[in-house]
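A.B. asks: please find the sequence and the predicted model below.
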Amino acid sequence: MTGCECKSGFFSLRDCDGAPAGSCSACGRTVCSRHLSPASGFTQCLDCHARAAQQPGEEPARPKGAGEDPALDDEWTYGARHRFYASGYAPIYAGSHYNRYYDSYDTRSFDETETGETETEEPAAGFGDS
Amino acid sequence: MFKALKAFRSLSPEQKALLETKKVSGEYEPRGLIDLLRPIAEYDRLSDKARTPMGCTTAALFVLSLALLVVAANVSLFLLPLPLVSFGGAVFLLVSVLRLRKLDLSNNFRQVAMPLFAVLKEDMEPGATMNVRIDLSPPTAKAKKTGTAKPYKEGAYYKVVDSTFVDSWFGGGTRLADGSLLQWDVTDDVVESARTKRTARGKHKTKTKYRKLSTINVTVALPHKEYAVTHLQADEGEKVKVRESEKRTTFHLTKRVKMKSNDPIDPLEIFDIISEAYKRVRPAVAEGSAS
């Protein structure tokens, strides 16, 4: 894969494949300009920045009453996505470039299931053959 | 206060028209819709914040005007401009408060609708549009009142009057990037309870309490090409209807959220109910790829 390694989507994930604009200093993935986090000074991807920014008690889930409203930009959306996945929703990924970065969310993917099965079976087959 | 007035002045004619009609309806790109509504939301937030202190200042200025008038009448008529200036300020503030109150919007739109648009934007193709209908007027607006019950007694309250409101404030639909079709509708049933009691000092005090039942209806039609159904049965507390067609599996999901206030629901409630459809499927095996 030569494009952006971040995944777009909220309820289901899909490949971004945007033109690379840099790499994330936290996870090392190739990232397009849209998925670089402005709040991190464009050094981290939106996913890593959301994970780092949302340590317990750091950011309220939602403002109340006349308090500050969220900016509702990509930073907010990826923060909300991280919170939603962390609360137990396992997103579906149906693209063709599975990335283990999202394993911590128990991402459901047909390719991943197939790969996982193959990975556990292949070494055993290898031992038997030799 | 000045921030709220400044925010109002900075609104475009289109945004001012939305503020007056309190209705948004049509086809919008999510980003464009957020950009259109954000200044209105900011004005509404500042207006909510400013109204209470402005009301208190108005009352204080009226009292001050009266006091200064008494002082001017007893000391010197040359002091007369002082109560006049104070009275003028009080009238200006009163007019401003009434104007802000008239343009008050439901917090639902900035705390529930806009976060949903931001999330759906992520699941839509760039440039794709969504059909949206939002009623921005407060949930207890006169037009939404459906009835008032007969007064009754309850404990220390010698008079309780319940008024009911139906607020079908939010609906819409769109096609997501994965080919799924999504439709949603949110209706709030609000009960406003005005409770009057007599205190130990003999004063009559009335307070208003709210109860709210939000009904969220969501329809998600997932294409067979992308998703295979894993289980269909409803979990405890859920209401799910499933319909199979040649190209899609359609989930009709309903969730009811009870609250003891008139505050907006958490937008997570809508995210949750949409996700219930996705929890029932897995990625479909592409033709020819199965081993």
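C.D. replies: Done, it's in. Numbers count the residues shown, from 1 in each chain, chains lettered A, B, ... in the order given.
A.B. asks: what's the spacing between the helix or strand hosting A:Cys48 and its chain's center?
C.D. replies: A:Cys48 belongs to helix A:46-53 when assigned by DSSP states H and E. Relative to its chain's centre, helix A:46-53 lies at 9 Å (Cα atoms, centre = their mean, to the nearest Å).
A.B. asks: can you list the buried residues in it?
C.D. replies: A:Leu46, A:Asp47, A:Cys48, A:His49, A:Ala50, A:Arg51, A:Ala53 (16 or more other Cβ atoms under 10 Å in any protein chain shown). Using the backbone N, CA and C atoms, a C-beta is placed for each residue, glycine as well.
A.B. asks: beyond it, next helix or strand please.
C.D. replies: Downstream of helix A:46-53, the next assigned helix or strand under DSSP H and E is helix A:74-86.
A.B. asks: ok, and what's touching that next one?
C.D. replies: Identification of contacts with helix A:74-86 by Cβ atoms under 8 Å, 6 or more residues apart in numbering or on different chains yields A:10, A:34-35, A:37-39, A:46-47, A:49-51, A:53-54, A:59, A:61, A:70, A:91, A:105, B:115, B:118-119, B:121-122, B:268, B:271, B:275.
A.B. asks: which parts of it are buried?
C.D. replies: Neighbour-count burial for helix A:74-86 [16+ other Cβ under 10 Å]: A:Asp74, A:Glu75, A:Trp76, A:Thr77, A:Tyr78, A:Gly79, A:Ala80, A:Arg81, A:His82, A:Arg83, A:Phe84, A:Tyr85.
A.B. asks: ok and it relative to helix A:46-53, angle-wise?
C.D. replies: 70 degrees (axes from the mean of the first three to the mean of the last three Cα atoms, to 10 degrees).
A.B. asks: partners of the helix or strand where B:Val24 lies, with directions?
C.D. replies: Using DSSP H and E, B:Val24 falls within strand B:23-28. According to DSSP bridges, strand B:23-28 forms sheet pairs with strand B:130-135 (antiparallel).
A.B. asks: please name the residues that touch the residue nearest the centre of chain B.
C.D. replies: Computing the C-alpha centroid of chain B and ranking residues by Cα atoms, centre = their mean puts B:Asn108 first, at 1.8 Å. By Cβ under 8 Å, 6+ apart, the contact list for B:Asn108 reads B:Pro139, B:Trp169, B:Phe170, B:Val186, B:Asp188, B:Pro264.
A.B. asks: ok, of these, which one's closest to chain A?
C.D. replies: B:Pro264 (8.8 Å; Cβ to the nearest Cβ).
A.B. asks: returning to that earlier point: what about burial for the contacts of helix A:74-86, which qualify?
C.D. replies: Applying 16+ other Cβ under 10 Å to these flags A:10, A:35, A:37, A:46-47, A:49-51, A:53-54, A:70, A:91, A:105, B:115, B:118-119, B:121-122, B:268, B:271, B:275 as buried.
A.B. asks: strands along the stretch 151-291 of chain B, start to end?
C.D. replies: Taking DSSP state E, counting those that start in this stretch as the criterion, the stretch 151-291 of chain B contains strands spanning B:152-154, B:157-175, B:181-198, B:204-223, B:227-229, B:239-244, B:248-259, B:281-283.
A.B. asks: ok, back up a step: gap between the residue nearest to the centre of chain B and chain A?
C.D. replies: 13 Å (Cβ to the nearest Cβ, to the nearest Å).
A.B. asks: under the pLDDT cut-off, which ranges of chain A? List them.
C.D. replies: Residue ranges of chain A with pLDDT under 70: A:1, A:55-69, A:110-130.
A.B. asks: still on that earlier bit, save the buried residues of helix A:46-53 as JSON lines, and put in distance to B:Phe165 too.
C.D. replies: Formatted as JSON lines, these follow (distance: Cβ to Cβ, whole Å):
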{"residue": "A:Leu46", "distance to B:Phe165": "40"}
{"residue": "A:Asp47", "distance to B:Phe165": "42"}
{"residue": "A:Cys48", "distance to B:Phe165": "45"}
{"residue": "A:His49", "distance to B:Phe165": "42"}
{"residue": "A:Ala50", "distance to B:Phe165": "38"}
{"residue": "A:Arg51", "distance to B:Phe165": "42"}
{"residue": "A:Ala53", "distance to B:Phe165": "39"}
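A.B. asks: from the residues you listed, which is closest to B:Arg195?
C.D. replies: Nearest to B:Arg195 out of the buried residues of helix A:46-53 is A:Ala53 (Cβ to Cβ; 43.5 Å).
A.B. asks: hmm, that closest one is touching A:Ala39, no?
C.D. replies: Yes. Using Cβ atoms under 8 Å, A:Ala53 is in contact with A:Ala39, at 7.5 Å.
A.B. asks: what's the domain layout of chain B?
C.D. replies: Using automatic domain parsing, the domain parsing of chain B gives B:1-105, B:131-283.
A.B. asks: those domains: which one's closest to A:Ala26?
C.D. replies: That would be domain B:131-283 among those, by Cβ to Cβ, at 25.7 Å.
A.B. asks: for the stretch 51-200 of chain B, what lies in contact range of chain A?
C.D. replies: Within the stretch 51-200 of chain B, the residues that sit near chain A (Cβ under 8 Å from any Cβ of the partner chain) are B:107, B:110-111, B:114-115, B:117-123, B:176-178, B:180.
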